[in-house]
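Student: Starting from these lines, generate the structure:
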Amino acid sequence: MPPFRKSLAALLLLMGGTGAVMGQVLEAPNVVPIDQMLVTSGQPSRAALGSLRQQGFEAVLYLAPSSVPDAIADEPKILAEQGIEFVHIPIPFGKPQEGHFVAVSEALQRLKGKKVLVHCQVNMRASSMVFLYRTITGGQDPGNAYESVSKVWSPHGPWRSLLQTQLKKHGINFEPY
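Tutor: Numbers count the residues shown, from 1 in each chain. Got it, this is the predicted structure:
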C-alpha cells in the first residue's frame, strides 16, 4: 500500500500548553505532527474538522483547490463556528509555483504562536510547502525537515522542480532524492 494512503487516522500525542487532550485522534490521511504547534495532513473528515478546537487548533491552511472531489464545501463555516481562522491558498497539484510558497510562508509567519493545521488532499502539497517554510523561512536543517515529507511521498515532476529551485534560490544545498 502506498505510504500516502497507509492511514486514515493518526494518533496525535500533543503535550504542553496547546489545550489538546492527550491521545486524541485526527481523522485524516497522512497526519504528520511537526511539533506542538504545527501539523500537516490530508483532508480531515467533517467530524475531525468539527473537533479541531478541542485539540487546540487556532488556524487551518487549506492548500488544495476547493474543486477537488473530497473537499468539504462548508469547511470555512465549520471552522468559523469554533473560532478557528481559515486560510485558503489553492495550489493546482500539477502547477505549484513560487508565489504559492510565498503565500504559505507569509500565512505561517503571521500565524506564528498559534497551533496550525496545514492540509490538502493527501498531504503532498502541505508536507512540501511546510518543508520549504521550515528550511527557508525557519532556517531548520533540511535533512531533518525533509523527514516529514518522506513519511508521505517523494516529490516528483513540478513539485521536485519547485523544491529544488527554491532551495537553490535561497542558498540551501540539499538534494533529498
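
Student: which residues of this structure fall in helices?
Tutor: Per DSSP state H, the chain carries helices over the ranges 46-50, 75-80, 98-110, 124-132, 142-150, 157-169.

Student: In CSV: those helices, plus mean pLDDT.
Tutor: CSV is the format used below for the helices of the chain (pLDDT from 0 to 100):
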stretch, mean pLDDT
helix 46-50, 96
helix 75-80, 98
helix 98-110, 98
helix 124-132, 98
helix 142-150, 97
helix 157-169, 97
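
Student: out of those helices, nearest to Ile89?
Tutor: Taking CB to CB as the criterion, Ile89 comes closest to helix 98-110 out of the helices of the chain, the separation being 4.8 Å. In this view, the C-beta of every residue, glycine as well, is placed from N, C-alpha and C.

Student: And that closest one, what does it pack against?
Tutor: With contacts defined as 3 or more CB pairs under 8 Å, 6 or more residues apart in numbering; DSSP states H and E, helix 98-110 has these neighbours: strand 59-62, strand 116-119, helix 124-132, helix 157-169.

Student: got those as a markdown table, with mean neighbour count columns?
Tutor: Supplementary listing: the helices and strands packed on helix 98-110 in a markdown table, determined by neighbours: other CB atoms under 10 Å:
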| stretch | mean neighbour count |
| --- | --- |
| strand 59-62 | 23 |
| strand 116-119 | 26 |
| helix 124-132 | 27 |
| helix 157-169 | 16 |
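
Student: Out of those, which gets nearest to Arg110?
Tutor: Using CB to CB as the criterion, the shortest distance between Arg110 and the helices and strands packed on helix 98-110 is 9.1 Å, found for strand 59-62.

Student: just to revisit the earlier point, and the helices of the chain as TSV, adding distance to Pro29?
Tutor: Compiled in TSV, the helices of the chain are given as follows (distance: least, CB to CB, whole Å):
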stretch	distance to Pro29
helix 46-50	11
helix 75-80	16
helix 98-110	20
helix 124-132	10
helix 142-150	14
helix 157-169	17
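
Student: Thanks again, I'm all set now.
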